[in-house]
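Trainee: please work out how this folds:
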Amino acid sequence: MLPSHTNPEGSTMRHRILWMLGVAGIAAIVTAAVAALPNSEPSLTNVPSANTDSTGYAPPSVLSPELQQVIVAQGATKVENPSSAISYYGYDNDTLNSAGQPAMLPIGSPLAEAHKTEPDKNTYLVFKRSLDGADPAYDYGTHFLFQGHEGGSPGYITRINLDADTAHRVTVLATKDSTGADIADIDGSTWDPWAQRLLFTTENANAPTYAATPDYPSTVTDVSGALGRGGYEGIQDDSAGNVWIVEDIGGTTRGTAAKRPNSFIYRYVPRHPGDLQNGKLQVLQVLNSSNQPITFDSQAALNNPDQVALHSYGNVFTTKWVTIHDTAVNGTAPFNANTLAKAAGGTPFKRPENGQFRPGSHFTEFYFDETGDTNATSSENDTAGGWGSIQKLTQSSPSADTGKLTLFFKCDEKTAGLDNVTFLSRNDVTFVQDMGDTLHSQSNALDSAFVWNTNVDYSKPGAPQPLRWLAEGRDASATLDNANGGFGKNEGDNEITGAHVSDGDPGVDGILGAKVPNLFDGSKWRWFYTQQHGDNSTWEVLSAGHAGSDR
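Mentor: From the prediction side, this is the model:
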């Protein structure tokens, strides 16, 4: 467990963790290791500050000294099955050099570079048998990390084969769906153990929500006739077989940098677990102090009292789930969930991006974040969620029709712009930042990753601050993009995404939240994230005491 967060910035913060390191299977490309740490409780030390944002400055990432990280794949990793469109993990082949390779840095006149495809949310799975790859004679092992790619064309799905050699390290699983249509750019992902499918979201109300098989070639089907289409990002199963979806759509500004809340929390209730074609899609509705729904129509004004109340400590709101689409009544044609959520009186939030159930809560506690306005000039920063927040939804069971919503943490400029989430233990949750270039410049700070303890009451005066375990750097490629507008096609600063802790269990007991993570205890639990944009490196986080040896 990680119980104590003590001192704010400027001094050492200590965070206790039970460390037991055994065998950790990492492929030879990252010189994985077997090592042991004593059965003790060393501290995870706070990184005192974020890296600064300065023109031409490309600082390395800084981790808590008890941690280290190794690359499991990067944009320049050549895929084992290259095509005319995609040859490398993180680049399209839309701008090539004279050797026919994607331009990973700007070339030519005017300067141009390949589209960086931005591998996003990671999903780690361990199977009892080796999965098929592009080479039928090769044994790919049993440990795999899956991701969709958020940028470029076509969209595609990759699988990092963690047990494989360099030549077989990354497999492109699919670029087209089962109808032959190009896959849309992908954001979120999870594994549905009943359907035995990966679920992928597209953060695009005009694009499908997908289900995909983990083998090669992957069969990818459009399931948005039941799950709908929206600005979907976070996606997560619960123990009853329901699928929870977190939407991220930026609303219109209202005369300032403050954006109107325009995104919703959804729950898909299948006819039976694993049925991705027949079921009900529901939207979360929050009731205000007068027992009236907080709706999109009621949230037009700046600093609306209900939104201010949602982002104030100590308030407890009743929630209920409202069905907006039922395949038994409405059919199975794809539909826009955001439009239906507004019509049904769902409660909008300021760009919620991801959520996860607290381990050991029996899927009764769901934590989700709001990215907010990501602008230091927003008139709602300190009042109505402009800096963002972490919200806690509590229900008697994952299938309950009603619940309670409370503000778990009110973000400030230092912690603004939260995005991905994963639990490190029963009570410790990490949210990572995606502040964006504008807020980076305004705050003179690049993104960070923090840990919160769910037993801490952050509303109390003098409460401890969240612990920073990662001050993300900026690789040279992202630094060039930042200074040159991405050369017309790419993002600027690096972003932290795909934060993911899992033991890889593909069964029902492996749903995130079903088990309490026990990081660094043998080879079971593993921790990944992606440094998106720039070089597009996907990392595994290890104990600093993890010694390297060839596998």
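
Trainee: may I have the helix or strand containing residue 342 as PDB, with CA atoms only?
Mentor: Residue 342 belongs to helix 337-343 when assigned by DSSP states H and E. Only the C-alpha atoms of helix 337-343 are listed here, as PDB (Å, rounded to 0.1, in the frame of the first residue of the first chain):
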ATOM      1  CA  ALA A 337     -24.700   9.400 -28.000                       C
ATOM      2  CA  ASN A 338     -23.800  13.100 -27.200                       C
ATOM      3  CA  THR A 339     -27.000  14.300 -28.900                       C
ATOM      4  CA  LEU A 340     -29.100  11.700 -27.100                       C
ATOM      5  CA  ALA A 341     -27.500  12.500 -23.800                       C
ATOM      6  CA  LYS A 342     -28.400  16.200 -24.100                       C
ATOM      7  CA  ALA A 343     -32.000  15.400 -25.100                       C
END
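
Trainee: direction included, what does whatever helix or strand comes next after that helix pair against?
Mentor: Note on helix 337-343: by DSSP H and E, the next helix or strand toward the C-terminus is strand 352-357. Its sheet considered, strand 352-357 pairs with strand 365-370 (antiparallel) by DSSP bridges.

Trainee: ok, residues contacting the strand it pairs with?
Mentor: The contact list for strand 365-370 (C-beta atoms under 8 Å, 6 or more residues apart in numbering) reads 234, 244, 246, 265, 349-358, 385, 388-395, 408, 418-419, 421, 429, 431, 454. From N, CA and C alone the C-beta is placed, and that goes for glycine too.

Trainee: need the contact partners of the helix or strand just after it.
Mentor: Sequence order places strand 389-394 as the next helix or strand after strand 365-370, per DSSP H and E. Residues from elsewhere that reach strand 389-394 (C-beta under 8 Å, 6+ apart): 265, 284, 310-311, 319, 349-350, 352, 364-370, 372, 403-411, 418, 431, 452.

Trainee: which among those end up buried?
Mentor: If you count burial by 16 or more other C-beta atoms under 10 Å, the buried members of the contacts of strand 389-394 come out as 265, 284, 310-311, 319, 349-350, 352, 364-370, 372, 403, 405, 407-411, 418, 431, 452.

Trainee: quick check, residue 374 in contact with residue 436.
Mentor: Yes: counting by C-beta atoms under 8 Å, residue 374 touches residue 436, with 4.8 Å between them.

Trainee: touching both of the two, which residues are there?
Mentor: With C-beta under 8 Å, 6+ apart as the test, residue 374 and residue 436 both reach residue 417.

Trainee: ok, those two, which is more surrounded?
Mentor: Applying other C-beta atoms under 10 Å to residue 374 and residue 436 shows that residue 374 carries more neighbours, namely 25 against 19.

Trainee: and that one, what does it touch?
Mentor: Contacts of residue 374 (C-beta under 8 Å, 6+ apart): 416, 417, 434, 435, 436, 438, 439.

Trainee: if we use 6 Å, what do you get?
Mentor: By C-beta atoms under 6 Å, 6 or more residues apart in numbering, residue 374 lies in contact with 417, 435, 436, 439.

Trainee: looking at the residues you listed, spot the one nearest residue 480.
Mentor: Nearest to residue 480, judged by C-beta to C-beta, of those is residue 436 at 17.5 Å.

Trainee: kindly state the pLDDT recorded for that closest one?
Mentor: Per-residue confidence at residue 436 stands at 95 (pLDDT).

Trainee: kindly report the same for the one 5 residues further on.
Mentor: Residue 441 carries a pLDDT score of 97 in this model.

Trainee: phi first, then psi, for it.
Mentor: phi -70, psi -40 (degrees, to the nearest 10).

Trainee: that one: neighbouring residues, count only.
Mentor: Neighbour tally, residue 441, other C-beta under 10 Å: 17.

Trainee: chain neighbours aside, what residue packs nearest to it?
Mentor: residue 53 (5.8 Å; C-beta to C-beta, 6 or more residues apart in numbering).

Trainee: please apply the same query to residue 259.
Mentor: Nearest non-adjacent residue to residue 259, counting by C-beta to C-beta, 6+ apart: residue 251, 4.5 Å away.

Trainee: and that neighbour, how far from residue 262?
Mentor: 3 Å (C-beta to C-beta, to the nearest Å).

Trainee: neighbour count: those two, which is higher?
Mentor: Remark: of residue 251 and residue 262, residue 262 carries more neighbours, 21 against 18, as counted by other C-beta under 10 Å.

Trainee: for that one, what are its contacts?
Mentor: Shown in contact with residue 262 (C-beta under 6 Å, 6+ apart): 249, 251, 348.

Trainee: tabulate those residues (a markdown table), appending pLDDT.
Mentor: What follows is these, written out as a markdown table (pLDDT from 0 to 100):
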| residue | pLDDT |
| --- | --- |
| 249 | 93 |
| 251 | 91 |
| 348 | 98 |
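
Trainee: phi, psi for residue 69 please.
Mentor: Torsion angles, degrees, to the nearest 10, at residue 69: phi -140, psi 150.

Trainee: can you get me a residue count around it?
Mentor: Residues near residue 69, counting by other C-beta under 10 Å, number 19.

Trainee: same question for residue 546.
Mentor: Residue 546: 21 neighbours (other C-beta under 10 Å).

Trainee: secondary structure class for it?
Mentor: The assignment at residue 546 comes out as coil when based on DSSP: H, G, I helix; E, B strand; the rest coil.

Trainee: separation between it and residue 504?
Mentor: From residue 546 over to residue 504 (counting by C-beta to C-beta), the distance is 18 Å.

Trainee: residue 469 too?
Mentor: When C-beta to C-beta is applied, the distance between residue 469 and residue 504 equals 22 Å.

Trainee: these two: which has the busier surroundings?
Mentor: More crowded of residue 469 and residue 504, by other C-beta under 10 Å: residue 469, with 23 against 20.

Trainee: contacting residues around that one?
Mentor: 64, 449, 451.

Trainee: quick one: what helix or strand has it in it?
Mentor: Applying DSSP H and E, one finds residue 469 within strand 467-471.

Trainee: cool, and residue 280?
Mentor: Going by DSSP H and E, residue 280 is part of strand 279-286.

Trainee: kindly report the same for residue 323.
Mentor: strand 316-326.

Trainee: return the set of buried residues in the helix or strand following that strand.
Mentor: Beyond strand 316-326 on the C-terminal side, the first helix or strand identified by DSSP H and E is helix 327-330. By 16+ other C-beta under 10 Å, the buried positions in helix 327-330 come out as 327, 330.

Trainee: for residue 39, give me the pLDDT.
Mentor: Taking residue 39 on its own, its pLDDT is 30.

Trainee: then residue 520?
Mentor: Here the pLDDT value assigned to residue 520 is 84.

Trainee: repeat that for residue 534.
Mentor: Here, the pLDDT recorded for residue 534 equals 97.

Trainee: cool, and the one 4 residues further on?
Mentor: In this prediction, residue 538 carries a pLDDT score of 98.

Trainee: got a list of contacts for the helix or strand hosting it?
Mentor: Element membership of residue 538, judged by DSSP H and E, is strand 537-543. Residues from elsewhere that reach strand 537-543 (C-beta under 6 Å, 6+ apart): 21, 67-74, 520, 527-531.

Trainee: how about stretch 442-451?
Mentor: Applying C-beta under 6 Å, 6+ apart, the contact partners of stretch 442-451 are 50-53, 376, 413, 428, 430, 432-433, 435, 440, 466-472, 474, 496.

Trainee: mind checking how far the nearest residue to residue 150 once chain neighbours are set aside is from residue 107?
Mentor: Excluding its sequence neighbours, the residue lying closest to residue 150 (C-beta to C-beta, 6+ apart) is residue 118, at 4.1 Å. According to C-beta to C-beta, residue 118 and residue 107 sit 20 Å apart.

Trainee: higher neighbour count, the two?
Mentor: residue 118 (25 against 14).

Trainee: am I right that the more buried one is in contact with residue 151?
Mentor: Yes: Residue 118 is within contact range of residue 151, at 4.2 Å (criterion: C-beta atoms under 6 Å).
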